[in-house]
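Enquirer: Attaching a predicted model along with its sequence, questions to come.
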Amino acid sequence: MNRELTKRQTCDKEYTKSESLTEFLIEAIVAGEMVPGSKISEPELAKHFQVSRGPLREALMRVEGLGLIERIPHVGARVIQFSREKLLDLYAVREALEGMAARLAARHISDIELAGLDTLLSTHSEHIDQVDGASYFHQQGDFDFHYRIIKASRNHQLIALLCDELYHLLRMYRYQSPRAHSRPVEALEEHKFILQAIRNRDEELAEMLMRRHIAYSRRLIEQQIHYET
């Protein structure tokens, strides 16, 4: 009995280590501390974190499942590097799925969630005024406008696809993209219109505005890519 309990406690500790490592690796990749395209060295990471290879490999598998790490034959694991095709594909999927999420949010969102979104956009507006529109928040989790709307859709499949599989890829691009190519004031105004449509329970308008909002971002990316090439 004691042996089984000890074994279970050891497993719990290993799982906790893996969870912590997963979060650290996600944030390091999103912030660019682990450079896009750089090779993943398990021995170096294990030494750096002073952990065994077991929890580290589990953490790397989770991060790979989120699309932040890719395995290349005869090369090994590397931090994901955005190509033009990958980025535009990501935004095409996002446009369709987030449009659907906005439609469903207009149907299911609660008054408490609406009040929270009002407060969030007020905070964003104050931030933009303080920095003269030079940047926009790069939130994560419940602080993100899009994230909250996705959650308000109440569709578990959409939430899994957007919040678990695509969300950190989007954060990575937004975090590392040049601020000069952002459109904070326009984006905030579009967010306000989307929120108003959701508040009015206008499902069709909410979906259309969300799709249009993301399409603008996609076109901005295309312009940026064209400028850089």
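Expert: Everything's here; your move.
Enquirer: secondary structure element for the most centrally placed residue in the chain?
Expert: Geometric centre of the chain, nearest residue: Tyr167, 2.5 Å, by Cα atoms, centre = their mean. Using DSSP states H and E, Tyr167 sits within helix 167-176.
Enquirer: Same check on Arg71?
Expert: strand 69-72.
Enquirer: Which residues does the helix or strand following that strand contact?
Expert: Downstream of strand 69-72, the first helix or strand assigned by DSSP H and E is strand 76-79. With Cβ atoms under 8 Å, 6 or more residues apart in numbering as the test, strand 76-79 has contacts from 29, 34-40, 60, 64, 68-72. C-betas here are computed from N, CA, C, even on glycine.
Enquirer: and the strand holding Arg71, what does it pack onto?
Expert: helix 53-65, strand 76-79 (3 or more Cβ pairs under 8 Å, 6 or more residues apart in numbering; DSSP states H and E).
Enquirer: Buried by neighbour count, from the contacts of strand 76-79: which ones?
Expert: Ile29, Met34, Ile40, Leu60, Glu64, Leu68, Ile69 (16 or more other Cβ atoms under 10 Å).
Enquirer: Switch the residues you listed over to a markdown table; also include distance to Gln176 and pLDDT.
Expert: Converted to a markdown table, the buried ones among the contacts of strand 76-79 look like this (distance: Cβ to Cβ, whole Å; pLDDT from 0 to 100):
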| residue | distance to Gln176 | pLDDT |
| --- | --- | --- |
| Ile29 | 10 | 93 |
| Met34 | 11 | 93 |
| Ile40 | 18 | 94 |
| Leu60 | 21 | 93 |
| Glu64 | 19 | 93 |
| Leu68 | 12 | 93 |
| Ile69 | 16 | 94 |
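Enquirer: Surely Ala206 touches Arg199?
Expert: No - using Cβ atoms under 8 Å, Ala206 makes no contact with Arg199, being 9.3 Å away.
Enquirer: Domain-wise, how is this structure divided?
Expert: 17-79, 84-228 (the TED database).
Enquirer: ok, of those domains, where does mean pLDDT dip lowest?
Expert: Mean pLDDT is lowest for domain 84-228 among the domains of the chain, at a mean of 85.
Enquirer: how far out from the middle of the chain is that domain?
Expert: 10 Å (Cα atoms, centre = their mean, to the nearest Å).
Enquirer: on that earlier part again, helices or strands next to the helix or strand following the helix holding Tyr167 in the packing?
Expert: Proceeding N to C from helix 167-176, the next assigned helix or strand is helix 184-199, under DSSP H and E. Applying 3+ Cβ pairs under 8 Å, 6+ apart, one finds that helix 184-199 contacts helix 84-108, helix 111-130, helix 145-152, helix 203-228.
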